[in-house]
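S.K.: got a structure for you, letters missing:
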């Protein structure tokens, strides 16, 4: 990727992060009243951090169809809340048992387990609620389609199902580890579906024809796969400082990753191929999709 | 309450339980594929038990406006999934730490904590997804209103917020227990809001005028308050066999209940008064609301 693309993408990512941060601040509950601790925990894990990859996909795909910034930012904030909930629950001691996330203590470390569980629960709830609210789109059918698409991405046949497979895989990691196709299925559910939804959300907001909606979904699906392998490469190669969480943890836990199956070099080659595949789904879109194209190259070249 | 009312109500409750059981079976994911364990845990905690009070409220309030049975049953199943999720998470060791629910082992006892957390997560997700689906109502605006109303009832300013207050209250129970108004607020959020939503849902499905929607919401709010006090009375007086969970546990934990504050007799009188108040909000409805009226009397007289 050319340096110019990188610079433009970096600027666009920063701009999006600022926009979604503001939307999150507006849409999260205020820290007040007897249940203030819950709002505080929701804000702690949602504000002030993260790449905002999912938000960026919503904003950029929505921009292809000239969707209003306000509407797109609400959907972007919603998916970031959903993502934050999943991280809080995944980090719990009985799940992946992580103490550090985005360079700061995880929710159950900063608060306690009960608060962390409830903060995750309330974030998922708020993510759906936002999608149903009139300000998200003037057409209630578009709002319903977002609810249904998020439900499919986050539920038993999506993210939650992927985490279930991951927990089961970890229990058998040292005796009967997952094979390649099983790892691909796991990751498609666990991280892929929500990233796919994020790219598709702009098409739903823009009332795009089905063909364009499918192209963006396919882009998101492949981008998610490339992103996950790159994430696993970073874990295998990176330092805790660079990635903001404990490094080398996956290998120690015998985690189901493509890096374990393919090795570092082949995994990197595979990720780059999948990222190219992702970008190819955007061929029907004009220069408006350049950020999305650059993003596909970026996710497999990033160092953090 | 006359015996006739009791018999008719009991028959109606049984009929509703059968209807919603069938809807839940249809709407829950099948136990198949690599993530089968998650679907199994979702079904374990949702099917085959419970009074189905919330489902009954949806079905009966919907019947006031001649809503199709299929639509009402979907919304009834959705709220029972939401309720089941809250029970699974509330029962976790770091929350209320219960081993028994509806006379059988709680989810984390039957499966494990990770599975229980995920099953709750996936049930909440599916509850919202169902509301957004076209089969729930022909008018997408009605579906959006259900999503938003459920979001308000279940989130940080509703059920999840109530559970947060409850956890904080338990930590200070023996040094600085909640006063009466705080207990009322806690219970209004923790159980009241979802029961209120259930009664209101029929009016949303029926595209009822705002005034009738508000009356049903007020009925649900007061019914929920009466129900909660009656539940606490059962805990204080009942046996484990009668109520299907460990009895006397609330008092042992110094739980924030109106029974602790008012004593048994005054709490019972108060519950009966609030139940009458609930029924009074139905004055504008005809004999179609007789089951709802009988229910208000039933919740404070039931023995299990």
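M.R.: Thanks, I have it. Just so it is clear, the structure is predicted and the values come from calculations on it, not from any experiment. Numbers count the residues shown, from 1 in each chain, chains lettered A, B, ... in the order given.

S.K.: What residues does the stretch 151-300 of chain A have near chain B?
M.R.: A:151-152, A:154-157, A:160-165, A:167-168, A:182, A:185-186, A:189 (CB under 8 Å from any CB of the partner chain). Quick note: C-beta positions are derived from backbone N, CA and C, even for glycine.

S.K.: Just the buried ones out of those, please.
M.R.: Among these, the ones that count as buried by 16 or more other CB atoms under 10 Å in any protein chain shown are A:151-152, A:154-157, A:160-165, A:167-168, A:185-186, A:189.

S.K.: Which ones among these map onto helices?
M.R.: A:151-152, A:154, A:160-165, A:167-168, A:185-186 (DSSP state H).

S.K.: Which of the residues you listed sits closest to chain B?
M.R.: residue A:151 (2.5 Å; CB to the nearest CB).

S.K.: Can you check what pLDDT the model gives the closest one?
M.R.: pLDDT for residue A:151: 98.

S.K.: What of residue A:191?
M.R.: 96.

S.K.: With residue A:50 instead?
M.R.: 84.

S.K.: how many neighbours does the residue nearest to it when sequence neighbours are not counted have?
M.R.: In this structure, residue A:50 finds its nearest non-sequential neighbour in residue A:102, 5.9 Å apart by CB to CB, 6 or more residues apart in numbering or on different chains. Residue A:102 is flanked by 15 other residues according to other CB atoms under 10 Å in any protein chain shown.

S.K.: Residue A:102 touches residue A:49, doesn't it?
M.R.: Yes: if you go by CB atoms under 8 Å, residue A:102 and residue A:49 touch, sitting 4.1 Å apart.

S.K.: Where does residue A:56 fall, secondary structure wise?
M.R.: Counting by DSSP states H and E, the element that carries residue A:56 is helix A:53-63.

S.K.: rewinding a little: what's the farthest-apart pair in the ones in helices among the buried ones among the residues of the stretch 151-300 of chain A next to chain B?
M.R.: Farthest apart among these by CB to CB are A:151 and A:168. That separation is 22.8 Å.

S.K.: Strands along the stretch 1-150 of chain A, start to end?
M.R.: For the stretch 1-150 of chain A, applying DSSP state E, counting those that start in this stretch gives strands covering A:100-101, A:104-105.

S.K.: check whether stretch A:103-120 contacts chain B.
M.R.: Yes: shown here: stretch A:103-120 in contact with chain B (CB under 8 Å from any CB) through A:112-115, A:117-118, A:120.

S.K.: For stretch A:136-149, what is the distance to the chain centroid?
M.R.: In terms of CA atoms, centre = their mean, to the nearest Å, the gap separating the centre of stretch A:136-149 from the centre of its chain is 20 Å.

S.K.: That one near chain B anywhere?
M.R.: Yes: legend: contact between stretch A:136-149 and chain B by CB under 8 Å from any CB is shown at A:139-141, A:143-148.

S.K.: Let's have these in CSV, adding distance to residue B:228, pLDDT and neighbour count.
M.R.: Shown next, in CSV, are these (distance: CB to CB, whole Å; pLDDT from 0 to 100; neighbours: other CB atoms under 10 Å in any protein chain shown):
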residue, distance to residue B:228, pLDDT, neighbour count
A:139, 39, 98, 14
A:140, 34, 98, 19
A:141, 38, 98, 16
A:143, 33, 98, 29
A:144, 33, 98, 28
A:145, 37, 98, 24
A:146, 34, 98, 29
A:147, 30, 98, 29
A:148, 33, 98, 20
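
S.K.: Could you tell me which of those residues belong to helices?
M.R.: Going by DSSP H, the helices hold A:140-141, A:143-148 from those.

S.K.: ok, those vs chain B, which is closest?
M.R.: Ranked by distance to chain B (CB to the nearest CB), those are led by residue A:147 at 3.2 Å.

S.K.: Quick one: residues contacting the residue nearest to that closest one when sequence neighbours are not counted.
M.R.: Residue nearest to residue A:147 in three dimensions, not counting chain neighbours: residue B:132, with 3.2 Å by CB to CB, 6+ apart. The contact partners of residue B:132, by CB atoms under 8 Å, 6 or more residues apart in numbering or on different chains, come to A:132, A:143-148, A:151, B:143-144, B:147.

S.K.: run the last query once more with 6 Å
M.R.: Applying CB atoms under 6 Å, 6 or more residues apart in numbering or on different chains, we find residue B:132 in contact with A:144, A:147-148, B:143.

S.K.: okay if I get the residues you listed as a markdown table plus distance to residue A:32?
M.R.: Below are the contacts of residue B:132 laid out as a markdown table (distance: CB to CB, whole Å):
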| residue | distance to residue A:32 |
| --- | --- |
| A:144 | 32 |
| A:147 | 28 |
| A:148 | 33 |
| B:143 | 31 |
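
S.K.: which stretches of the stretch 101-250 of chain A have low pLDDT?
M.R.: A:239-250 (pLDDT under 70).

S.K.: And the helices in it?
M.R.: Counting by DSSP state H, counting those that start in this stretch, one finds helices in the stretch 101-250 of chain A at the ranges A:107-110, A:113-132, A:140-154, A:159-171, A:180-187, A:193-205, A:210-237, A:240-243, A:249-252.

S.K.: Which residue, neighbours along the chain excluded, lies closest to the residue of the stretch 1-150 of chain A found nearest chain B?
M.R.: Closest to chain B within the stretch 1-150 of chain A is residue A:129: 2.5 Å, counting by CB to the nearest CB. Of all residues not flanking residue A:129 in the chain, residue B:151 sits nearest, at 2.5 Å (CB to CB, 6+ apart).

S.K.: Can you give me every residue that contacts the one you found?
M.R.: Residue B:151 sits in contact with A:125, A:128-129, where contact means CB under 6 Å, 6+ apart.

S.K.: So for the closest residue to residue A:22 other than its chain neighbours, what's the pLDDT?
M.R.: Nearest residue to residue A:22, sequence neighbours excluded (CB to CB, 6+ apart): residue A:73, at 7.6 Å. At residue A:73, the model reports a pLDDT of 98.

S.K.: quick one: contacts for the nearest residue to residue A:57 once chain neighbours are set aside?
M.R.: Nearest non-adjacent residue to residue A:57, counting by CB to CB, 6+ apart: residue A:198, 3.8 Å away. For residue A:198, the contact set (CB under 6 Å, 6+ apart) comprises A:54, A:57-58, A:79.

S.K.: Farthest-apart pair in the residues you listed, please.
M.R.: Using CB to CB, the contacts of residue A:198 span at most 8.3 Å, a distance reached by A:57 and A:79.
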